[in-house]
Structures are given as C-alpha cells and as structure tokens.
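> Sequence and predicted structure, then a few things I'm wondering about:
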Amino acid sequence: MIRQKTVLRLLSLLVLLFPFGLFADHVQFNAIYTDADGSGFFDPTLGTARQTAFQYACGIWSGYLGTSYAGETINISASFTGMGGTSSSATLGGAGPETFNALNFGLGPTGYLWANAANANHWVGQDMGADVEIAAQFNSDVDNNTVLGTKSFYYGLDGNCGTDIDFVSVLLHEIGHGLGFTSLINPASGAYYTLHPYIPNTPSLYDYFLGKANGDGSYTLLADMSDAERLAASTSDEIYWLGEAATAANGNVYSKIYAPATWEQGSSISHEDETIHPGALMSPFYSGVIHTPDALTLGMLSDIGWNVVPEPSPVIMVVFVCAAAFWIRRRFPAY
C-alpha cells in the first residue's frame, strides 16, 4: 500500500504490479486483464494508456530480476473498479498474492515459511501451477472530478505528472509487495494468519527477517516471540530488517520498518520507515515520482531469495495480448 500524506490513502492490503521482461534470462510477466469489454483496462478512452503504463512498470521491474529457471513467468490479473472516495482521500488500489506456498527451510516454529506463489516458484526453480500469482485492482473513480478533486492518475511514462498521481510509481511500489513485501501478522492477536490447518501460526518469508531492537544493540526475531510479544512489538516503532543484502545496501546498518504506535491496516510492518528512509520506493506514503527501485528495496528482495540483477537490461516495449479471464482466488495454497 502506498499513500500520499494528508491527501491520498491507499487502504488496500498490499501489493501489485509487474514487470515485463523480453530477455530469456529475466523474469517474464503475463498480464491478464479481467475487466469487462469497454471498461477498466479496456476503457475506450483510457484503456490503452493504462495498459501501456502497466507494461512500462513491468519492464522496469523485469530488468532487475534474473530467472531461476527457463521460462520463469509471473501471471498477473489486473482490473479497475469503482472504489469511491472523497475530495481529499481515496483508495488508489490494492494487490496481493493469489496463493502462498509453504517451503521447508527448517526455520521458525514449524520449520516452514510461507512464500507468495511467485517467490515460491523462484525458490523451487519451477512453476508449481498457480494460474495467477498476483491479483490487483485500481480505483477507476480517481479518474473523475469528484474523488480527489481534480487529481487523476497520470498514465504517461515520463514522470511529468504535475499534481496528479503518477501511475507508474504506484505500480512499481505495488509490485514490490507482490514480489514479497507481505507480512502475515494478525494485528488483533500477534499470531501469524493460519493459511493451512496443518501448519498454523507460521510466518511469511518476509516476516522471518523482521526483528525488534532491544535497546542494548541486540535484536529479537519476531518469529521467535510469543504472540503477545509480537503483538506489542508490531506497534513499537522499533522493528528492523535483519537481512544481509539490505543491511549492506544501507551502509551496514539495519534498515527500519514502518511500525507506528497505532496499527495502520495495509501499511504497518510491510513498508520501509519513511522517516529514516525518505523517498524510498517501499515507503507507506506516495511522495512523488519514483521510476527506479532503490538499493535498499533491491537488497530486501535479494534477502528473500530473488536473483536481483545489478544492472537492468534496457526496457523494450512489446504489446501484451490482452486476455479476459475469470478472477481466480485461492485462499488455501498447496502444501
């Protein structure tokens, strides 16, 4: 989720959007637009611009992601729908994994960690069969003169959005969630959401890198805490990412995670702290145009297993074949 301070608030659960790579050694992305004919990504006025911006953002991300197996592809279902809003605030959109897969790392209370479908495929080195890895929706009401006043999505590729909301920047942020910035902490109890009855209270791969500062230079993994301890930690404003790659990218200092004193649904725990990391792509706030993933974000993705390519290949635009499809939502992944 990404927000604009005092104006735009993305209330969605997480993630979205994806890259489009043209090279055999880069992750490929397949767009499945699920809108009805004449609406959303097929809108006769805005549809082409929306698809072009989507593809462009996908191309940027794909340039940073090397494959772990031949033909590695992430399928994305995407659509626009009216989500309403006011003249000063509105949901911009939302996205998240369609499935999670439990991978046995021998870590945590059960030995398993939940990886979103795209990341799980990458770890295992093969496509495990999900029809859609990531699903996303965007608020079509942003493009009128009532919701957010005169602000609209800007679908250009040059970042010259003026006072409008740069759609490419929103997409790049949301794809970061889709690639793995996904916590499974239940803010009501501190337990991890149980995605399958056989492996209850199990963290996501992202969750396993989160630790609380103890005030004496030491850190305690959230995954090693009791539910009550984790619940208190999640609003402590003292949560840090303990992965090696991100730490190296941050000057060998642990990077801070957004964990305000009051839990913010869709923002808490799943973002970098903007006070410490201003302007970061995975900040909880929309603060303007960002068309390049920063080193910290790339380091975090590397920590959870993605093959991050230091120098992205040039983006070559190729037209997606738009395909209507049913929205498939699998709540309980294979295990």
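Sure, I can see it. Numbering: from 1, shown residues only.
> Make sure Asp237 is actually in contact with Trp263.
No - using CB atoms under 8 Å, Asp237 is not in contact with Trp263; the gap is 11.6 Å. (Glycine included, C-beta is placed from N, CA and C.)
> could you say what helices and strands the top helix by length along the chain packs with?
As assigned by DSSP state H, the longest helix anywhere in the chain is helix 47-62. With contacts taken as 3 or more CB pairs under 8 Å, 6 or more residues apart in numbering; DSSP states H and E, helix 47-62 sits against strand 28-33, helix 167-179.
> deepest of those, which one?
helix 167-179 (a mean of 28; mean count of other CB atoms under 10 Å).
> quick one: average confidence on that helix?
Averaged across helix 167-179, pLDDT comes to 90.
> Restrict the helix or strand encompassing Asn101 to CA atoms and write it as CSV.
Under the criterion of DSSP states H and E, Asn101 resides in strand 100-107. Output in CSV follows, covering the C-alpha atoms of strand 100-107 (Å, rounded to 0.1, in the frame of the first residue of the first chain):
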residue,chain,number,x,y,z
PHE,A,100,1.1,-18.8,-0.8
ASN,A,101,3.2,-22.0,-0.7
ALA,A,102,4.8,-23.5,2.4
LEU,A,103,8.5,-24.1,1.9
ASN,A,104,10.5,-26.2,4.4
PHE,A,105,13.5,-24.0,5.4
GLY,A,106,13.9,-25.7,8.8
LEU,A,107,13.3,-22.3,10.4
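> So what are the sheet partners of that strand and their directions?
strand 111-116 (antiparallel) (DSSP bridges).
> Which elements pack onto the helix or strand following the strand it pairs with?
Once the chain leaves strand 111-116, the next helix or strand it forms, by DSSP H and E, is helix 117-124. Counting by 3+ CB pairs under 8 Å, 6+ apart, the packing neighbours recorded for helix 117-124 are strand 100-107, helix 167-179.
> which stretch among those comes nearest Thr67?
helix 167-179 (13.7 Å; CB to CB).
> and the angle from that closest one to strand 111-116?
Counting by axes from the mean of the first three to the mean of the last three CA atoms, to 10 degrees, helix 167-179 lies at 150 degrees to strand 111-116.
> State the mean pLDDT of the helix or strand that helix 167-179 is followed by.
Scanning forward in sequence from helix 167-179 by DSSP H and E, the next helix or strand is strand 210-213. Average pLDDT, strand 210-213: 98.
> next one: stretch 65-84
94.
> Counting neighbours, what do you get for Gly299?
20 (other CB atoms under 10 Å).
> next one: the host helix or strand of it to chain centre, how far?
Element membership of Gly299, judged by DSSP H and E, is helix 295-303. Chain-centre distance of helix 295-303: 13 Å, with CA atoms, centre = their mean, to the nearest Å.
> ok, and the closest non-adjacent residue to Tyr240?
Leaving aside its sequence neighbours, Tyr240 sits nearest to Tyr254 (CB to CB, 6 or more residues apart in numbering; 4.1 Å).
> Look up the pLDDT of that neighbour for me, please.
98.
> Select the helix or strand of this structure having the lowest average pLDDT value.
strand 3-4 (a mean of 37; mean pLDDT, DSSP states H and E).
> So Phe138 is in contact with Gly82, correct?
No - look at Phe138 against Gly82 with CB under 8 Å: they stay out of range, at 10.3 Å.
> Settle it for me: which of the two has more neighbours?
When Phe138 and Gly82 are compared on other CB under 10 Å, the one with more neighbours turns out to be Phe138, at 29 against 12.
> Tell me the bridge partners for that one.
Phe80, Gly93.
> can you pull the contacts of it?
78-81, 92-93, 153 (CB atoms under 8 Å, 6 or more residues apart in numbering).
> what pLDDT does the closest residue in space to Ala118 that isn't next to it in sequence get?
Spatial nearest neighbour of Ala118, excluding adjacent residues (CB to CB, 6+ apart): Glu133 at 4.2 Å. Model confidence at Glu133, given as pLDDT, is 94.
> Can you report how many residues lie near Glu133?
26.
> if I look at it, how far off is Glu264?
26 Å (CB to CB, to the nearest Å).
> do the same with Tyr33
For Tyr33, the distance to Glu264 - CB to CB - is 30 Å.
> And for Ser255?
For Ser255 relative to Glu264 (CB to CB), the value is 19 Å.
> neighbour-wise, which of those two wins?
Ser255 (22 against 19).
> Thanks again, I'm all set now.
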